[in-house]
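S.K.: this one's structure only:
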């Protein structure tokens, strides 16, 4: 597991090699009365891949990739990591929206919606999903797409792991050859000034320009000035999909409004772009995520976010803002389960600390930092960064106005809530029996190993 804070003991692990093995595992779990967890890339911060006393269905051997460069389609096994899929698609100068950390699994990111550097240009990951092979709770193998099992396909594009075990995904690909990006670095005393410039420039940014802002600890790398190494700094990560001269024109207003102390932007490959933040997540660390969608970023919210970042309980903890919009923002809110299409920013609070430290101060800081931005809150958070499967209110809010439809689809494909070790959507009761209520409970604390709010 990527998150070192997760320490759970499954009863059994089934390492599957295809859909037939998944069917066998699902039927065995039913016969034995075992709960089931699903491991794709193992990058779930709440640790949903593993549960105490459960049967873990481990998808990590499903690595098949088939690329049709003429049709611009990739078929990807659900055990792939984004770095592996990126390598295969970039061999043809193609890509689809993927996560910004290379060892994120394709399955979890896609099923939760999928934000990344390409979403303003090409839409969310789920917007680029063309089809999926799914093993359902009753052991059927279904092909879900716009034409087949349409409701199930709709639910898979952002509804999380509630509806079955996806064994492969089909993605739409886009030409990606010339990219310009990197890091702009500033000292902490300029945080408010930099975030104000980021807000103003990003308001008119073209779809080809992705913009992240964050407060991080500068790594002890040769390219970082010695006096900044290990210090908290403000970083902007611009990524422009196009030639360097176009990128220079797009970034000129930002560089004029906030000249950096360190400019590490340059022409690079898309695979290099996808590795820009990998060093911020070393193996073995303990993690806790929480998140909000923001409708705006006024001066008071900036001041509160700056203070929250300054108060971080660990030097490795990160506060990140991502400018949303572009192609992802033009999709109707009910076209997929991903509701918050009109959000202007995504706020990601990522507490990260060393093994052996008590989790409580770091979790308390993350929650307080999230609350600091509530004046610009859009109504919920990103389902892939919802911090705990036990908080049903946060899960419901993450799906906004799409929750009721998701609960009905859950009732159709998993009426007993067999797939419940996730950010759970209990199945709706049929009309006439109390519509809208749940027939089954979310995962128990015993299954997910909940303790001290860090699961």
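M.R.: Looks like it arrived, so ask away. A quick note: this is a predicted structure, and the numbers were derived from the prediction, not measured.
S.K.: could you find the closest non-adjacent residue to residue 362?
M.R.: residue 351 (4.1 Å; Cβ to Cβ, 6 or more residues apart in numbering). Any C-beta I mention is one placed from the backbone N, CA and C, and that applies to glycine too.
S.K.: phi, psi of the one you found?
M.R.: For residue 351, the backbone dihedrals (degrees, to the nearest 10) come out as phi -80, psi 130.
S.K.: now do the contacts for residue 163.
M.R.: 134, 136, 152, 155-156, 409-410, 413-414, 419 (Cβ atoms under 8 Å, 6 or more residues apart in numbering).
S.K.: which of the residues you listed lies closest to residue 54?
M.R.: If you rank those by distance to residue 54 using Cβ to Cβ, residue 419 comes first, at 11.4 Å.
S.K.: now that closest one: how far from residue 426?
M.R.: Remark: distance between residue 419 and residue 426 (Cβ to Cβ, to the nearest Å) = 11 Å.
S.K.: out of these two, which sits in the more crowded spot?
M.R.: Under the neighbour definition other Cβ atoms under 10 Å, residue 419 and residue 426 were set side by side, and residue 419 has more, 24 against 20.
S.K.: in what helix or strand does that one lie?
M.R.: Secondary structure assignment for residue 419, by DSSP states H and E: no helix or strand.
S.K.: then residue 296?
M.R.: Using DSSP H and E, residue 296 is not contained in any helix or strand.
S.K.: could I get the full set of strands for the stretch 251-400 of the chain?
M.R.: All strands of the stretch 251-400 of the chain, identified by DSSP state E, counting those that start in this stretch, fall at 262-263, 266-268, 286-294, 318-323, 345-353.
S.K.: closest one to residue 243 among those?
M.R.: Going by Cβ to Cβ, the one of the strands of the stretch 251-400 of the chain nearest residue 243 is strand 266-268, 8.2 Å.
S.K.: the closest one: how far from the chain's middle?
M.R.: Counting by Cα atoms, centre = their mean, to the nearest Å, strand 266-268 is centred 25 Å from the centre of its parent chain.
S.K.: next: stretch 73-89.
M.R.: How far stretch 73-89 lies from its chain's middle: 16 Å, per Cα atoms, centre = their mean.
S.K.: outside of that stretch, which residues touch it?
M.R.: Residues external to stretch 73-89 that are found in contact with it (Cβ under 8 Å, 6+ apart): 40-41, 59-68, 94-96, 98-99, 101-107, 109, 130, 165-173, 270-271, 274-275.
S.K.: and for stretch 26-38?
M.R.: 10-12, 14, 25, 48-51, 53-57, 59, 107, 135, 137, 139, 161, 165, 418-422, 443, 447.
S.K.: any of these buried? List them.
M.R.: 10, 14, 25, 48-51, 54-57, 59, 107, 135, 137, 161, 165, 418-422, 443, 447 (16 or more other Cβ atoms under 10 Å).
S.K.: which parts of stretch 259-273 are buried?
M.R.: Applying 16+ other Cβ under 10 Å to stretch 259-273 flags 260, 262, 264-265, 268, 270-271, 273 as buried.
S.K.: stretch 300-320 now?
M.R.: By neighbour count on 16+ other Cβ under 10 Å, the buried set for stretch 300-320 is 301-302, 304-306, 308-309, 312-314, 316-320.
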